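Asker: Everything below, folded, please.
(one chain, ligands or ions: 2)
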Amino acid sequence: MSPPYFRPRSSLAFAGSLALLVLFLFFASTHLSAARGRLGGPIHSSDYDELLQHVWNRTLGFQKIYVINLPTRTDHRDSMSLAAHFSDLQIEYVNGVTEVIQKALPPGGVEAKLDEGQLGNWRSHMNILRTIVEQNISSALILEDDADWDIRIKSQMQDFARAARLLVQPFPGTTEQFLDPTHSEPTEGQQVQNFEVGKDHTSKPRTSPYGDIDRWDLLCDVKTPLGRAVIPNDETVPEPQHLNMQFGNDELKKEYPAHTRVVSRARENVCTLGYAISLPGARRVLYELGVNKLTGPTDLALRSVCDGSHDRKSRTCLTVQPQLFQHHRPVGAMSTFSDISDHGEDYNHQAFTRNVRWSTRVNLPKLVDGETNYVDLFKDGEERIDFGFG
Ligand SMILES: *[C@@H]1O[C@H](CO)[C@@H](O)[C@H](O)[C@H]1NC(C)=O
Ligand SMILES: *[C@@H]1O[C@H](CO)[C@@H](O)[C@H](O)[C@H]1NC(C)=O
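Answerer: Ligands and ions are numbered 1, 2, ... in the order given. All right, here's what the predicted structure looks like:
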């Protein structure tokens, strides 16, 4: 029932004997030639390694995928479970928090004037970060329960991993020399530099497909700084007329050809809907937002950790544009969209997910019937559909 791009490579685990190793190399090369036609730059053999294949596993190459769900939002959970099932993802639900007492807030929490929904959201994220620390989880992807993604998420994440490596891994044979000039703080007068997945190379990571665990804190979805890892010819990216950059800027649309995805360090990011975090990242964020001070709603407070504002140290956060995870907006009253913010009283007549061409949730009716003629709301050459809000 899985669409053809899913090629879980469980045979990897047995690649101990030579015969199996050869078999594995064969699978890898057929897979890679399939990938070549679809996405990104070509994967050269020098770019390829076993760890990159872990992105195709049931947790997308992270140790865990957590989904925050308020137990009362059974609608979100039903739809999330189906979407994860059809994408061959193994998720773990974490109950959203509805009650937070003032005494439990770190300094700043009260002044930040967060309402009940925002406080519950903060606590839900902190609970996951605490679990990661308690259980020594090396990396995790954290999603809110209305997150949606493209049916081709695994190949997208593989390209994202290749791009992330260009930004966080040092040059081969060095430990602290990087391709990206903005790796440390950007300095005055630096120019934009684009690196291309499949053309540029850095050293291979050993502890995570996305770059060594101690080299990144957060992988999330917005402003594009100077060092950019470019994924060209990505047909899962809608043409510019369809793109909705939300909090991002318009540079992506203006400066790159259609069907380009760009990975960069996060500046002014807003990203609690979907982000991946390393264990060192979870320790830092739990300290900063759970213990040290709460300076705003979770997304803005996370931003301050990435940016190093509010007297925090800046951390290594990477973002991708257009984002890979987006809120799904189902048919129904808009007031049901969120338990955190107010979406008004209008009615949404068409299910959609911004910037995601083969939305898993929009395509649930197809997926339950095993159909593969997927709905694409952002077809090439077509006019933008005005969803009006969202
Ligand atoms: C997926 O790969 C990651 C990275 O190697 C690993 O930590 C995780 O346990 C794997 N997940 C599954 C379900 O095998
Ligand atoms: C946590 O995991 C790391 C790396 O996998 C390991 O070296 C370390 O011993 C673990 N720590 C604990 C307390 O289990």
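
Asker: so what secondary structure elements neighbour the helix or strand containing residue 156?
Answerer: Taking DSSP states H and E as the definition, residue 156 sits inside helix 153-168. Taking 3 or more C-beta pairs under 8 Å, 6 or more residues apart in numbering; DSSP states H and E as the contact definition, the neighbouring helices and strands of helix 153-168 are helix 18-38, helix 50-53, strand 227-231, strand 261-265, strand 317-321. (Glycine included, C-beta is placed from N, CA and C.)

Asker: do that helix and ligand 1 meet?
Answerer: No. On the criterion C-beta under 6 Å from any ligand atom, helix 153-168 is out of touch with ligand 1, staying 10.5 Å away.

Asker: and that helix, how far out from the chain's middle?
Answerer: How far helix 153-168 lies from its chain's middle: 10 Å, per C-alpha atoms, centre = their mean, to the nearest Å.

Asker: For it, the averaged confidence score.
Answerer: Across helix 153-168, the average pLDDT comes to 92.

Asker: The helix or strand that comes right after that helix pairs with which strands, parallel or anti?
Answerer: Following helix 153-168 in sequence order, the next helix or strand is strand 193-196 (DSSP H and E). Applying DSSP bridges to the sheet, strand 193-196 is found paired with strand 227-231 (parallel).

Asker: between the partner strand and strand 261-265, what angle do the directions make?
Answerer: 150 degrees (axes from the mean of the first three to the mean of the last three C-alpha atoms, to 10 degrees).

Asker: all strands for this protein, in order.
Answerer: Applying DSSP state E to the chain gives strands spanning 64-69, 92-95, 139-144, 147-148, 193-196, 218-220, 227-231, 261-265, 274-278, 317-321, 326-329, 332-333, 347-348, 352-353.

Asker: and the second one, anywhere near ligand 1?
Answerer: No. With C-beta under 6 Å from any ligand atom as the criterion, ligand 1 is not reached by strand 92-95; the gap is at least 11.1 Å.

Asker: That strand pairs with which strands, and in what direction?
Answerer: For strand 92-95, pairing defined by DSSP bridges yields strand 64-69 (parallel).

Asker: Show me where the stretch 151-300 of the chain dips below the pLDDT cut-off.
Answerer: Where the stretch 151-300 of the chain drops to pLDDT under 70, the residues are 181-190, 220-226, 246-249, 267-271.

Asker: mind running it again at 50?
Answerer: The stretch 151-300 of the chain contains residues with pLDDT under 50 at 221-222.

Asker: residues from it in reach of ligand 1?
Answerer: Proximity of the stretch 151-300 of the chain to ligand 1 (C-beta under 6 Å from any ligand atom) involves no residue at all.

Asker: go with 8 Å
Answerer: 208-209 (C-beta under 8 Å from any ligand atom).

Asker: what's the neighbour count on residue 150?
Answerer: Neighbour count for residue 150, taken as other C-beta atoms under 10 Å: 25.

Asker: just checking, it touches residue 361?
Answerer: No. Contact criterion C-beta atoms under 8 Å: residue 150 and residue 361 do not qualify, at 10.7 Å.

Asker: show me the contacts for the nearest residue to residue 68 once chain neighbours are set aside.
Answerer: Leaving aside its sequence neighbours, residue 68 sits nearest to residue 124 (C-beta to C-beta, 6 or more residues apart in numbering; 4.7 Å). Applying C-beta atoms under 8 Å, 6 or more residues apart in numbering, we find residue 124 in contact with 68, 94-97.

Asker: could the residues you listed go into JSON lines alongside neighbour count?
Answerer: Output for the contacts of residue 124, formatted as JSON lines (neighbours: other C-beta atoms under 10 Å):
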{"residue": "68", "neighbour count": "25"}
{"residue": "94", "neighbour count": "17"}
{"residue": "95", "neighbour count": "11"}
{"residue": "96", "neighbour count": "24"}
{"residue": "97", "neighbour count": "17"}
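
Asker: Show me which of those is closest to ligand 1.
Answerer: residue 94 (17.5 Å; C-beta to the nearest ligand atom).

Asker: is it true that that closest one touches residue 128?
Answerer: Yes. Using C-beta under 8 Å, residue 94 is in contact with residue 128, at 5.4 Å.

Asker: Now the common contact residues for the two.
Answerer: Joint contacts of residue 94 and residue 128 (C-beta under 8 Å, 6+ apart) are 66, 68.

Asker: any idea how far residue 209 is from residue 368?
Answerer: The gap separating residue 209 from residue 368 is 31 Å, by C-beta to C-beta, to the nearest Å.

Asker: Which of the two has more residues huddled nearby?
Answerer: More crowded of residue 209 and residue 368, by other C-beta under 10 Å: residue 209, with 26 against 12.

Asker: I'd like to know the phi and psi angles of that one, please.
Answerer: phi -60, psi -20 (degrees, to the nearest 10).

Asker: so what's it up against?
Answerer: Counted by C-beta under 8 Å, 6+ apart, residue 209 has contacts 51-52, 54-55, 61, 158, 161.

Asker: go with 7 Å
Answerer: Counting by C-beta atoms under 7 Å, 6 or more residues apart in numbering, residue 209 touches 51-52, 54-55, 61, 161.
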